[in-house]
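Enquirer: Sequence below, structure please.
(one chain, ligands or ions: 2)
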Amino acid sequence: MGVVQWLKGQFVCQLMVCYGFLVSGLLINLLQICTLPLWPINKQLARRLNCKLGYSLTSQSVAILEWWSGTEVTIYTDPESSRHYGKENAVVILNHNFEIDFLCGWSFCDRFGLLGSSKCLAKKELSYMPVIGWMWYFLEMVFIRRKWEEDKKSFVQGVQNLQDYPENFWFLLQCEGTRFTAEKHRVSMEVAEKKGLPKLKHHILPRTKGFWVAVQNLRGKAAAVYCCTLNFRNNESPTVRGVIRGTTYHPDFYIRRIPLVSVPEDETECSVWLHKLYQEKDQFQEDYSQTGRFPGPIVAAPRSTKTLINWLGWTGFLLFIHCYILFQVVASGPVLTILASLALCFAVAVGVRWMIGHTEIRKSSKYGVQLNNNH
Ligand SMILES: CCCCC/C=C\C/C=C\CCCCCCCC(=O)SCCNC(=O)CCNC(=O)[C@H](O)C(C)(C)COP(=O)(O)OP(=O)(O)OC[C@H]1O[C@@H](n2cnc3c(N)ncnc32)[C@H](O)[C@@H]1OP(=O)(O)O
Ligand SMILES: CCCCCCCCCCCCCCCCCC(=O)OC[C@@H](O)COP(=O)(O)O
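Expert: Ligands and ions are numbered 1, 2, ... in the order given. Modelled structure (predicted):
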């Protein structure tokens, strides 16, 4: 084992990585709050500034994924389609089976220059999460309670607000609405049976309303739907903790570009269309489990050094300040101050542990566990 690999395995190094991410995240949240007075004066400038700030935080997690853990997403797609990536707005659909699917999604965004501006339809609970959730609020992510009657007004409004967004963006929907578990899958297949739909093996049955609303409200603004299918080689079950410990995973990412005009406008037809798309995605996953690859060529899109520089810059700067203060405190501070700085390290460890908990499938919500019952 090399020295670098050994260092990655040390708790103190992992704590440093988390410390840099968390503290820089809180500072970035603070800078985002400072943009508040700008919104009524120059909304487009405020949005652009928030994209930059969002990039500065999100790209740290991409750097940790790609440079620290050495995990690189292999992209399968048609080269003709890939010429459009990053140059147009799109509605993105992605399967929801893995604890680091959001990191792989961010990596894909970064490869095509849309990391700061991309959006998702996320459950409301995530908006309360310090650092990530607070950042998303300023990035105009759309949050939902997953109860249509309560969501419809703010959801439609949230998507319509993006009509005049000044940067290109991708709008991510994970139509299953929750992470894959055996129980949720079983229940959703009962629903499929009742609806006379073919059974899916690798996906929970998609909920269709959100997709229809997003597509209808982004017509004219978004040019395409990107149908994305993610899987990992060697039956890997990746975790955020694994990434922080420096484990290298092997994600494969298959993207199909579908012109948005080919999505039916009528709600029922759109729902049929989406179910058919999920049946195709399910077949891709089945083929992947047999062959270990997705159809189509691999498109080279190298990881960026910009994410690395940004991450090292933030972490180095914050650790320097922290060590400096710690040195001053130890040299001259009263015992109480020393204890306070130790408590800060402990708080970082606990805070990060709590945040990571949100990514763990074993702690997934009860959404979709009961038939026709949302929560
Ligand atoms: C890869 C590229 C990446 C690009 C990246 C871009 C941005 C990156 C930014 C951030 C990355 C971070 C990612 C974080 C992601 C966070 C993801 C989440 O939080 S997922 C949870 C929130 N999202 C969703 O829920 C979206 C999916 N849901 C919907 O869209 C729903 O339609 C809805 C809007 C929530 C409304 O749902 P509702 O159930 O009220 O209505 P529907 O008509 O859709 O469904 C009702 C229909 O479903 C049937 N039913 C009942 N029980 C079940 C069940 N258990 N399973 C399946 N179906 C069920 C029910 O019978 C109803 O049928 P019918 O209408 O016929 O009666
Ligand atoms: C690699 C980065 C390391 C940095 C230091 C560690 C900090 C921890 C980072 C935590 C980041 C948290 C981002 C949360 C995004 C999780 C998205 C998600 O997957 O949500 C689940 C919902 O979709 C469905 O919820 P369920 O109904 O399954 O319940």
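Enquirer: elements contacting the helix or strand of the chain with the lowest mean pLDDT?
Expert: Lowest by mean pLDDT, DSSP states H and E among the helices and strands of the chain is helix 335-357, with a mean of 85. Packing partners of helix 335-357 (3 or more Cβ pairs under 8 Å, 6 or more residues apart in numbering; DSSP states H and E): helix 11-34, helix 305-332. (Each C-beta comes from the backbone N, C-alpha and C, glycine too.)
Enquirer: Any idea how far that helix is from the middle of the chain?
Expert: Distance, stretch centre to chain centre, for helix 335-357: 26 Å (Cα atoms, centre = their mean, to the nearest Å).
Enquirer: what about the helices in the stretch 151-300 of the chain?
Expert: 182-195, 209-218, 240-244, 267-291 (DSSP state H, counting those that start in this stretch).
Enquirer: typo on my end, the stretch 1-150 of the chain
Expert: 3-8, 11-34, 38-41, 43-63, 79-82, 101-111, 132-138, 148-160.
Enquirer: Just say which of these is most tucked in.
Expert: Comparing the helices of the stretch 1-150 of the chain by mean neighbour count (mean count of other Cβ atoms under 10 Å), helix 101-111 ranks first with a mean of 24.
Enquirer: Are it and ligand 1 in contact anywhere?
Expert: Yes - contact of helix 101-111 with ligand 1 (Cβ under 6 Å from any ligand atom) involves 102, 105, 108-109.
Enquirer: Surely Ala214 and Val92 touch.
Expert: No - using Cβ atoms under 8 Å, Ala214 is not in contact with Val92; the gap is 10.0 Å.
Enquirer: how much space is there between Leu318 and ligand 2?
Expert: In this view, Leu318 and ligand 2 are 13 Å apart by Cβ to the nearest ligand atom, to the nearest Å.
Enquirer: Could you list the low-confidence segments of this structure?
Expert: For the chain, applying pLDDT under 70 flags the ranges 1, 333, 371-375.
Enquirer: Ala214 and Val92: who's more crowded?
Expert: Ala214 (27 against 24; other Cβ atoms under 10 Å).
Enquirer: Tell me how far that one lies from Trp136.
Expert: Distance of Ala214 to Trp136, computed by Cβ to Cβ, to the nearest Å: 16 Å.
Enquirer: what residues does the stretch 101-250 of the chain put near ligand 2?
Expert: 102-103, 123, 132, 174, 178-179, 240, 243-244.
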